[in-house]
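>>> Could you look at this predicted model? Sequence included:
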Amino acid sequence: MTAPFGAVALLLVPLAVGSDTPLLRELGPGVYWLVVLLFGVLVTMRQGATDGPAQVAVLDLAGVTVGMRIGGRALANTVVLLVFEAALVPVAVALYDLDLAHWNWWLPLFPLVAVGLGTLGALVDALTDGLAARTAIGPLLAVPLAVPLLLAAAQVPDAARYGRPPWPWLLLALTTDLAVVLAAVVTARHLQEGG
Amino acid sequence: MTFHGRRLATATALAVLAGLIAAALAPPDALQGDLQRLMYVHVPAAWTAYLAFATTVVGSIGWLWRRDSRLDRLAAAAAEVGVFFTGLAIVLGSVWGKPVWGVWWTWDPRLVTTALMFFVYLGYLALRRATADPDLRARRSAVFGVVAFAQVPVVHMSVLWWRALHQPPTVLRPGDPTIDHSMLAALLINLVAFTLVFVVAVRLRIALAKAEDALERAEIADGRELAGAAVAAPRIARSTSDV
């Protein structure tokens, strides 16, 4: 359900900033990645079938540790986010008349953003598990830490368009991914109840 | 307040007074005039925020290692004080920026990363507030306290990594500070004063947290039913006394 909501956001932005086509073409990539970041966090905070207390107890009895659960959740988030990103691309292209001349630079961005955001979402999901205000606190924890991903993703298309090398921005996204994965690996075992 | 605490409070008050006098007596800036005196509060506030978040990460790592509730209280108290001083640095920077840059806010990397740091630690405090169980609260906030600290070096290095409006470091840099030595002396006195204010604020907040914990424990103990309280003694029908 988040993908249609993201599409609605893409539809509403031009109503707020103006529907001038050159302006929208300029803003398009940034708005697309902003929607992916904000709505993608909601995607990662979704309640899955294995999140109920009974299911978690069964997983604990089966020897599935919190670390494994966070890893599985991160993997699932990554896949769902890739689908989410793919679903919004045609909407952004149609509404913002995006310049697709440098589309090849977008390709590494999709998995880099999905892995970083997916892993961060899984970690934050574990931190806010069971809280009444989970849907409010989760994005507050995840979004500021995911800003390097937004920055990298928004700058790559710009750099490609103006003939600058986009590599530094891809490197920033990759570094953020590695930092988030490392943080999840190091801290996961401390989230184990009674650990 | 203990004898040690009273001495610390007195030293802090004297340091703050010395900081005010030093800021007033320091020479005005050649370009900005007296406006530059905001530096004697803005820079120490930012320094205190760094110190606070470093204390939070040390307390968090310590809690994960030793499971000592005192370390959890230290991390939480330092984070609260750090959020206050980050907010103060942002507001003072904005007040300083308006006459110098012509705007209250500009999309400068130092400003943006500092604002993000503010929200990251606001999230830390929200996470603590939302988690009722003390052990779970300590565990989760310790993990997030470690992860959140990644933001601090990014804020400090932002003026070196990106070309920006905000000036690069003048004191915490290799070589001789680029600032005039009389201004540097006033700045250092204020840094000491703010550091002492930080220590006093954290000590007071820890004492308050201890009192809150004691109250919470007392309330739980008061409202708790004794084991077997639901089992009544046998009674004869319509009788008011036990058999």
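Perfect, thanks for sending it.
>>> Quick one: find the helix or strand in chain B with the lowest mean pLDDT.
Lowest by mean pLDDT, DSSP states H and E among the helices and strands of chain B is helix B:151-161, with a mean of 78.
>>> and it, what does it pack onto?
The contact analysis (3 or more CB pairs under 8 Å, 6 or more residues apart in numbering or on different chains; DSSP states H and E) places helix B:151-161 against helix B:39-66, helix B:109-130. (Glycine included, C-beta is placed from N, CA and C.)
>>> switch to 10 Å and redo it
Counting contacts by 3 or more CB pairs under 10 Å, 6 or more residues apart in numbering or on different chains; DSSP states H and E, helix B:151-161 packs against helix A:147-161, helix B:39-66, helix B:109-130.
>>> tell me the angle of the top helix by length along chain A relative to helix A:147-161?
Secondary structure assigned by DSSP state H gives helix A:66-96 as the longest helix of chain A. Relative orientation of helix A:66-96 and helix A:147-161, computed by axes from the mean of the first three to the mean of the last three CA atoms, to 10 degrees: 40 degrees.
>>> Show me what counts as buried in helix A:66-96.
A:66-67, A:69-71, A:73-74, A:76-78, A:80-82, A:84-85, A:88-89, A:91-92, A:95-96 (16 or more other CB atoms under 10 Å in any protein chain shown).
>>> same thing with stretch A:39-48?
In stretch A:39-48, counting by 16+ other CB under 10 Å, buried: A:F39, A:G40, A:V41, A:L42, A:V43, A:T44, A:M45.
>>> dump the residue contacts of the third one.
To tie it back to what came earlier, the one meant is A:V41. For A:V41, the contacting residues are A:2, A:81, A:117, A:120-121, A:124, A:135, A:138-143, A:146, by CB atoms under 10 Å, 6 or more residues apart in numbering or on different chains.
>>> so is it in a helix, a strand, or just coil?
Classification of A:V41 by DSSP: H, G, I helix; E, B strand; the rest coil places it in helix.
>>> so what's it scoring on pLDDT?
Among the per-residue scores, A:V41 holds a pLDDT of 92.
>>> show me the residues around the nearest residue to A:V83 once chain neighbours are set aside that make contact.
The spatial neighbour of A:V83 that comes closest, neighbours along the chain excluded (CB to CB, 6 or more residues apart in numbering or on different chains), is A:A3 at 7.9 Å. Going by CB under 10 Å, 6+ apart, A:A3 touches A:F39, A:V43, A:V80, A:V83, A:F84, A:E85, A:A86, A:A87, A:L88, A:V91.
>>> and the two most separated of the residues you listed?
Greatest spatial distance among the contacts of A:A3 (CB to CB): A:V80 and A:V91, at 17.2 Å.
>>> if I look at A:Q55, how far off is A:V64?
Distance, A:Q55 to A:V64, using CB to CB, to the nearest Å: 10 Å.
>>> remind me, longest helix of chain B?
Under DSSP H, chain B gives helix B:181-223 as its longest helix.
>>> so how far is that one off the chain centroid?
8 Å (CA atoms, centre = their mean, to the nearest Å).
>>> got the angle for it vs helix B:39-66?
40 degrees.
>>> how many other residues sit next to A:V36?
Applying other CB atoms under 10 Å in any protein chain shown, we find 26 other residues in the vicinity of A:V36.
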